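> my questions concern the predicted model and sequence given below.
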Amino acid sequence: MSELLKGLPTNWGRWGDHDEIGGLNFLTPDEVERGLSSVKKHTPFTLSVVINHPQGDPLWPGRSVPMKLMTLDKGHYIAGKAQPFPGGLEYADDYLCMFPQGTTHFDALGHPWYDDRLYNGYDPHTTIGGLSIASVLPLGIRSASGPAVLLDIARFRRKRSLERAETFGLSDLLDCAKQEKITIEKHDILLLRTGWLSTFYDNGPEAFYAQPFIEPGLTFSRELVQWFHEMEIPLLATDTIGNETTLEPNTGIAIPLHGALIRNLGVIFNEIVWLETLADDCAIDGQYRFFYTAAPLKISRGTGAPVNPIVLK
């Protein structure tokens, strides 16, 4: 990967030697105000997928699906294994065991690395036993709030969903924005819809994970990375598990944008985002610009955390 990304820009040191929030630094109060100014009908959209869905949960291959157990329910009272509170109140309780990145989530800036350096030049030995620096906690404390645009690549290509391993690049982003009659501005949060996540629920996990597992999505180019740097994009959100096509088609290198954007530029990755309802509404009213806000769970030393982003149109 280092050879592929050689000579590309970084934001290391841009916000000091101890920065842990990367692109969120671009989301100043002025940018929050700009995002809020785009709200027209005050309609909220939540963008997380359902955890413990009856059809299963989409997540990176090799991670196990969330496990939810009832620890207390009416059956315990019927069996005499639980007693009501004084006055007669009863309640139900449950337990959830899951990968923090096993649902809609933010990646911590210390999550991926190459050449033995994390974002901002931090040493990857700081990940041993938990991320002591560049964890998801600072992202949860800061939050991501600001102006956002939806680029509906699937509709742009007149498809319900992109095909397995189908890619798109910078020219597609710009052409899609032109078709939607919007201009991507500096510090805009980017939401990219491929339709891919909907195929998990439409066709089932077996078809979704058919081998080779290669997601469609944004693919690496030097021009794309340079554009992200010049536009100072703070956050990238997509309806795919990896936020980019799984393998760069020209080299076979896996997820190089994790290196070029997260590790080098500090772009926050919001993955496994549900965009179908929002996209349908945007197609009806033609409004593809809105306010986005999200804060991941504050997990100490975490590599990532669940999040339920909210869009206001």
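In hand now; what should we look at?

> rest of the way, CA atoms for contacts and neighbours
OK.

> run me through the strand neighbours of the longest strand seen in the chain, direction for each.
In the chain, assigned by DSSP state E, the strand with the most residues is strand 144-152. Using DSSP bridges, strand 144-152 pairs in its sheet with strand 189-193 (parallel), strand 289-294 (antiparallel).

> JSON lines for the ones you listed, including mean neighbour count?
Formatted as JSON lines, these follow (neighbours: other Cα atoms under 10 Å):
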{"stretch": "strand 189-193", "mean neighbour count": "25"}
{"stretch": "strand 289-294", "mean neighbour count": "24"}
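
> can you redo the ones you listed as JSON lines with distance to P66 and mean pLDDT?
What follows is those, written out as JSON lines (distance: least, Cα to Cα, whole Å; pLDDT from 0 to 100):
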{"stretch": "strand 189-193", "distance to P66": "25", "mean pLDDT": "98"}
{"stretch": "strand 289-294", "distance to P66": "22", "mean pLDDT": "98"}
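
> tabulate those in JSON lines, adding columns for distance to G35.
Below are the strands paired with strand 144-152 laid out as JSON lines (distance: least, Cα to Cα, whole Å):
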{"stretch": "strand 189-193", "distance to G35": "10"}
{"stretch": "strand 289-294", "distance to G35": "5"}
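
> and those: which comes nearest L4?
Taking Cα to Cα, strand 189-193 is the member of the strands paired with strand 144-152 nearest to L4, at 24.0 Å.

> list the contacts of the closest one.
146-154, 233-239, 275-276, 279, 292 (Cα atoms under 8 Å, 6 or more residues apart in numbering).

> quick revisit: residues in contact with the longest strand of the chain?
24, 27, 31-36, 38, 173, 176-177, 180, 184, 187-194, 279, 288-295.

> any idea which element the residue most central in space within the chain lies in?
Note on the chain: the residue nearest the mean C-alpha position is N270, at 1.4 Å, using Cα atoms, centre = their mean. Per DSSP states H and E, N270 falls inside strand 268-271.

> buried ones in the next helix or strand after that strand?
Later in the chain than strand 268-271, the nearest helix or strand by DSSP H and E is helix 276-285. Applying a neighbour-count criterion of 16 or more other Cα atoms under 10 Å, one finds E276, L278, A279, C282 buried in helix 276-285.

> okay, angle between helix 276-285 and strand 189-193 too, please.
Here helix 276-285 runs at an angle of 90 degrees relative to strand 189-193 (axes from the mean of the first three to the mean of the last three Cα atoms, to 10 degrees).

> pull the residues that contact helix 276-285.
F45, L150, D152, R193, G195, S198, Y288.

> turn the residues you listed into TSV, columns for distance to D116.
Output for the contacts of helix 276-285, formatted as TSV (distance: Cα to Cα, whole Å):
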residue	distance to D116
F45	39
L150	34
D152	36
R193	33
G195	35
S198	36
Y288	39
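
> closest one to W113 out of these, please.
Nearest to W113 out of the contacts of helix 276-285 is R193 (Cα to Cα; 25.9 Å).

> surely Y95 is within a strand?
Yes: judged by DSSP: H, G, I helix; E, B strand; the rest coil, Y95 forms part of a strand.

> centre of the chain versus the longest strand of the chain, how much separation?
Distance of strand 144-152 from the chain centroid (Cα atoms, centre = their mean, to the nearest Å) equals 12 Å.

> what of stretch 173-180?
21 Å.

> show me what counts as buried in it.
For stretch 173-180, by 16+ other Cα under 10 Å, it's L173, C176, A177, E180.
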